[in-house]
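Participant: Okay, predicted coordinates and the sequence, questions at the end:
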There are 2 protein chains.
Amino acid sequence: MNLDNVPDIIVSRLPVYLRALERMYDHAIMTTSSQELGEKVGISAAQIRKDLSQFGEFGKQGTGYHIPFLIEHLRRILHVDHPWNVVIVGMGELGHAIARYQGFSVRGFRVAMCFDSDPTKIGRPVFNDLKMSGLSIQDEKNLVEALRGSNIKMAMLCVPASAAQAVTDVLVEAGIKGILNYAPVNLVTPRDIRVQYIDPTVGLQRMAYYIKE
Amino acid sequence: MNLDNVPDIIVSRLPVYLRALERMYDHAIMTTSSQELGEKVGISAAQIRKDLSQFGEFGKQGTGYHIPFLIEHLRRILHVDHPWNVVIVGMGELGHAIARYQGFSVRGFRVAMCFDSDPTKIGRPVFNDLKMSGLSIQDEKNLVEALRGSNIKMAMLCVPASAAQAVTDVLVEAGIKGILNYAPVNLVTPRDIRVQYIDPTVGLQRMAYYIKE
């Protein structure tokens, strides 16, 4: 198996399979078929079998997939079998909602640092309940120094569009390799930096194309 | 031109082109080339020309694209040349952040109603500053009735994963045709309903695949 040659479109479906399998496991379901999984994720059984076959042999003819086994392998393939520390830059309302979101940690990610450039925010705790976490907002000026002394390789970018490129340049300088970008603007980065875009308006506009009024 | 046959992958890129063009226009830039636009969105000039050619003739050899003209046409093609009213269901921290986000309205969408099932939230204003908007949280029990009397065709779903499918069924019953789903779960819907997924963890996991530690 040469995992360097797996098409990105296949990689993009693996987290969706993993999410559905984890959900079944949470409901104490231990086996599934490509047919059943396909119905849950809206992808054909044949496609699922083809995607998974890139990485090995996970199911048995007739008995299907053992869910804990497949979850374990997908987590390993995606490198989320150990937790990743991530940083949030831009602690407005969205940044706070993301920092407080409880759903990341069970799926492999932990918000380890938060930054903002607004002096009135720096030093403030992220959670209202101080017992919840020691997380507090740090000064964006110290971003490079703080990240270089850490193992953090991923960032969630929640700054306004006008600041997004400048902050991205700093994140790259600080050794960040993946950016989940919530700012509604395309980022220019070196080739070895991965960027994923989250822009709800793009999703709404894409749906508007299809909806007749 | 038969717009029914435009591949979805092309449709998915139009909002990204539109966003970049609107940003240039905000900076008082009035013309661009497929080359320059391509550098901004990370897509080749040839692909951009091919995508746009599906919908007509927008640029001139040598002079490129007139940005206000192209914006106007892209907005018309995407049906966002008039504002869409949208509903939010699930007014937790994320629902509030989305409801208060100022970036939707300039790009064609207006949050017109908000619902939650929590009795302690119902009736509460969405904005702390009451002068900002008359928007307040309505009882989820009244969803079907309220939507049927409206022109709302799109919903943003911000409820927990465990409630997402049941609320989706209600939204479909109420005549919703497009759902932007923030709940980390796949939804089963009739074929004529469009669903777009926003799950940051899927984005993070997809990046984790590529990042060497």
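Facilitator: Received it, and whenever you're ready, just let me know what you need.
Participant: what about the longest helix in chain A?
Facilitator: For chain A, the helix that runs over the most residues, judged by DSSP state H, is helix A:8-26.
Participant: That one packs against which elements?
Facilitator: Secondary-structure packing of helix A:8-26 (3 or more Cβ pairs under 8 Å, 6 or more residues apart in numbering or on different chains; DSSP states H and E): helix A:34-41, helix A:45-53, helix A:67-77, helix B:200-210. To be clear about C-beta, it is placed using only N, CA and C from the backbone, and glycine gets the same treatment.
Participant: The last one relative to helix A:67-77, how many degrees between them?
Facilitator: The directions of helix B:200-210 and helix A:67-77 differ by 60 degrees, with axes from the mean of the first three to the mean of the last three Cα atoms, to 10 degrees as the criterion.
Participant: partner strands of the lowest-mean-pLDDT helix or strand in chain A, parallel or antiparallel?
Facilitator: Evaluated with mean pLDDT, DSSP states H and E, the helix-and-strand set of chain A has its lowest mean pLDDT in strand A:59-60, which scores a mean of 78. Here strand A:59-60 is paired, per DSSP bridges, with strand A:64-66 (antiparallel).
Participant: How about residues contacting the partner strand?
Facilitator: Outside strand A:64-66, the residues within contact range by Cβ atoms under 8 Å, 6 or more residues apart in numbering or on different chains are A:30-34, A:36-37, A:58-59.
Participant: How is chain A divided into domains?
Facilitator: Taking automatic domain parsing as the reference, chain A has its domains at A:3-76, A:84-202.
Participant: May I have the secondary structure class of the residue nearest to the spatial centre of chain A?
Facilitator: For chain A, the residue whose C-alpha lies nearest the mean C-alpha position (Cα atoms, centre = their mean) is residue A:180; its distance is 7.1 Å. Taking DSSP: H, G, I helix; E, B strand; the rest coil as the rule, one finds residue A:180 in the strand state.
Participant: Quick check: beta-bridge partners of it?
Facilitator: Residues found in beta-bridge contact with residue A:180 (criterion: DSSP bridges) are residue A:156, residue A:196.
Participant: Show me the shaky parts of chain A.
Facilitator: When residues are selected by pLDDT under 70, those of chain A lie in A:1-3, A:129-133, A:213.
Participant: and the longest strand for it?
Facilitator: strand A:109-116 (DSSP state E).
Participant: Tell me which strands the helix or strand following that strand pairs with, and in which orientation.
Facilitator: Once the chain leaves strand A:109-116, the next helix or strand it forms, by DSSP states H and E, is strand A:137-139. For strand A:137-139, sheet partners with direction are given as strand A:109-116 (parallel), following DSSP bridges.
Participant: picking up where we left off before, if you compare the domains of chain A, which one is most tucked away?
Facilitator: For the domains of chain A, ranked by mean neighbour count under the definition mean count of other Cβ atoms under 10 Å in any protein chain shown, the leader is domain A:84-202 at a mean of 18.
Participant: list the contacts for the residue nearest to the centre of chain A?
Facilitator: With contacts defined as Cβ under 8 Å, 6+ apart, residue A:180 is in contact with A:154-157, A:195-196, A:198, B:200, B:203-204, B:207.
Participant: Apply 7 Å and report the result again.
Facilitator: Neighbouring residues of residue A:180 by Cβ atoms under 7 Å, 6 or more residues apart in numbering or on different chains: A:156-157, A:196, A:198, B:200, B:203-204.
Participant: Grab the two from these that are most spread out in space.
Facilitator: The distance between the two most remote of these (Cβ to Cβ) is 12.4 Å, for A:157 and B:204.
Participant: ok, now how distant is the nearest residue to residue A:64 once chain neighbours are set aside from chain B?
Facilitator: The spatially closest residue to residue A:64, leaving aside those adjacent along the chain, is residue A:33, at 4.0 Å (Cβ to Cβ, 6 or more residues apart in numbering or on different chains). When Cβ to the nearest Cβ, to the nearest Å is the yardstick, residue A:33 and chain B sit 16 Å from each other.
Participant: try residue A:166
Facilitator: Look at residue A:166 and chain B: by Cβ to the nearest Cβ, they are 15 Å apart.
Participant: can you tell me the helix or strand for that residue?
Facilitator: Per DSSP H and E, the secondary structure element for residue A:166 is helix A:161-173.
Participant: Perfect, I'm done here.
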